[in-house]
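Peer 1: Sharing a model that was predicted from the sequence below.
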Amino acid sequence: MSSASCERLFVGTAEAEHIEMYLKAMWLILERGDEIKINTIAKTLNIKQPSVVQMLKKLHNQKLVKYDKIDVVMTAEGRDIAAKMMRNSRLLEVLMAKSLKIDIDEELVCGIEHHMNRQFTDALCTMLDHPRKCPHDLDIPKGQCCG
């Protein structure tokens, strides 16, 4: 069997990544001490407010946020997804800065973070000795592997 026949190709779901980015943006907004509002999401993601409204309706229907045209609150499930995304991206930043000793490439981080499963993330966290802060001095959400 040739090595080429062992390789598998995967096409990611852009929709899932889109949802994760919105939830990650909401996490960042809260982390800054701001309220989650349509305009703060739009500014954070650099998109127009009608797009935010459309996505908030979808996130509400999926029970990832509670949205009533004024207030936006992440549900427990939405927070869990956002925390996973923040953990993935911040662990990748630690890997780049501390272990690989390369500049943090946010575009690369953003491309990889959506495809990390818990086994990979926990192994990376363990390899990096369970860092609590990213190179930007922001908290890294703990995983099950962290003591």
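Peer 2: That came in fine, so what should we check first?

Peer 1: What is the burial count for D139?
Peer 2: By other CB atoms under 10 Å, 12 other residues sit near D139. C-beta coordinates here come from the backbone N, C-alpha and C atoms, glycine included.

Peer 1: and it, bridged to which residues?
Peer 2: K133 (DSSP bridges).

Peer 1: so it touches P131, yeah?
Peer 2: No - counting by CB atoms under 8 Å, D139 stays clear of P131, with 10.1 Å between them.

Peer 1: In PDB, please show the C-alpha coordinates belonging to stretch 136-147.
Peer 2: What follows is stretch 136-147, C-alpha atoms only, in PDB (Å, rounded to 0.1, in the frame of the first residue of the first chain):
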ATOM      1  CA  HIS A 136      -0.200  37.900  26.200                       C
ATOM      2  CA  ASP A 137      -0.600  37.300  30.000                       C
ATOM      3  CA  LEU A 138      -4.200  36.200  29.600                       C
ATOM      4  CA  ASP A 139      -5.700  33.200  31.400                       C
ATOM      5  CA  ILE A 140      -5.700  29.800  29.700                       C
ATOM      6  CA  PRO A 141      -8.900  27.900  30.700                       C
ATOM      7  CA  LYS A 142      -8.100  24.700  32.500                       C
ATOM      8  CA  GLY A 143      -8.700  21.300  30.900                       C
ATOM      9  CA  GLN A 144      -9.300  17.900  32.500                       C
ATOM     10  CA  CYS A 145      -5.600  17.200  32.300                       C
ATOM     11  CA  CYS A 146      -4.800  20.200  34.600                       C
ATOM     12  CA  GLY A 147      -4.400  19.500  38.300                       C
END
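
Peer 1: what residues does it touch?
Peer 2: 31, 83-84, 86-87, 90-91, 93-94, 118, 121-122, 125-126, 130-134 (CB atoms under 8 Å, 6 or more residues apart in numbering).

Peer 1: Can you say which of those are buried?
Peer 2: 83-84, 86-87, 90-91, 93-94, 121-122, 125, 131, 134 (16 or more other CB atoms under 10 Å).

Peer 1: Output those as TSV; include the columns distance to H60 and pLDDT.
Peer 2: TSV is the format used below for the buried ones among the contacts of stretch 136-147 (distance: CB to CB, whole Å; pLDDT from 0 to 100):
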residue	distance to H60	pLDDT
A83	20	97
K84	20	97
M86	22	97
R87	24	98
R90	27	98
L91	30	98
E93	31	98
V94	34	98
T121	28	97
D122	31	97
C125	32	98
P131	34	97
C134	30	97
